[in-house]
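K.L.:
coords please:
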Amino acid sequence: MYERKIIPNLNCGLDLIGEVLYGKWKIRLLFFIHQGHQRPSELQRKIPDATRRVLNIQLKELEDHGLVTKEIFPVVPPKVEYSLTDLGKTLIPVISAIGEWGDANEKHLREVILKRLNIE
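P.N.:
Model prediction:
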């Protein structure tokens with residue numbers, strides 16, 4: 001498993017939120033779990049570009065940060081479901097606001113990103 005070599009700077013709220021939400025799929029995972037997609041296979045279908053391993057790692061980190069809980073049901077085959085904690089639920093309005101900002105600025109952001117990638 002990855003081990004940090006440099007201790008993160010945790011002097012302000014932005015540093016803290018960056019540590020908690022840093023990861024390509026974490027914001028999407030939180031939003032999809034909020035929408036009711038709680039099983040790992042459902043989350044995999046919603047985010048097909050992510051590997052199962054990466055999703056599992058990021059779900060574990062969200063669990064470690066207290067944003068999601070994992071429930072394992074004692075059946076064969078094992079059934080796992082994720083849900084948001086009360087703390088995780090407080091992030092949904094923030095995530096929604098970021099999504100709305102992205103939608104409102106979609107044209108500009110798309111142009112900048114494609115230009116940076118040298119795709120016309």
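
K.L.:
Tell me which stretches of this structure form strands.
P.N.:
For the chain, applying DSSP state E gives strands covering 68-73, 79-84.

K.L.:
for those strands, which one ends up most surrounded?
P.N.:
Greatest average neighbour count among these goes to strand 79-84 (a mean of 16), per mean count of other Cβ atoms under 10 Å. Every residue, glycine included, has its C-beta placed from N, CA and C.

K.L.:
What helices and strands are in contact with it?
P.N.:
With contacts taken as 3 or more Cβ pairs under 8 Å, 6 or more residues apart in numbering; DSSP states H and E, strand 79-84 sits against helix 26-34, helix 40-46, strand 68-73.

K.L.:
just these: most buried one?
P.N.:
Burial of the helices and strands packed on strand 79-84 is given as mean neighbour count (mean count of other Cβ under 10 Å); helix 26-34 ranks first at a mean of 20.

K.L.:
can you give me the angle it makes with strand 79-84?
P.N.:
Using axes from the mean of the first three to the mean of the last three Cα atoms, to 10 degrees, one finds that helix 26-34 and strand 79-84 are set 110 degrees apart in direction.

K.L.:
Do you know the pLDDT at the nearest residue to Leu10 once chain neighbours are set aside?
P.N.:
Spatial nearest neighbour of Leu10, chain neighbours left out: Leu16 (5.7 Å); criterion: Cβ to Cβ, 6 or more residues apart in numbering. On the pLDDT scale, Leu16 is placed at 87.

K.L.:
Could you pull out the helices in this protein for me?
P.N.:
13-21, 26-34, 40-46, 52-64, 86-89, 92-104, 106-116 (DSSP state H).

K.L.:
just so I know, which of the ones you listed lies nearest Val75?
P.N.:
Val75 lies closest, by Cβ to Cβ, to one member of the helices of the chain: helix 40-46, at 14.8 Å.
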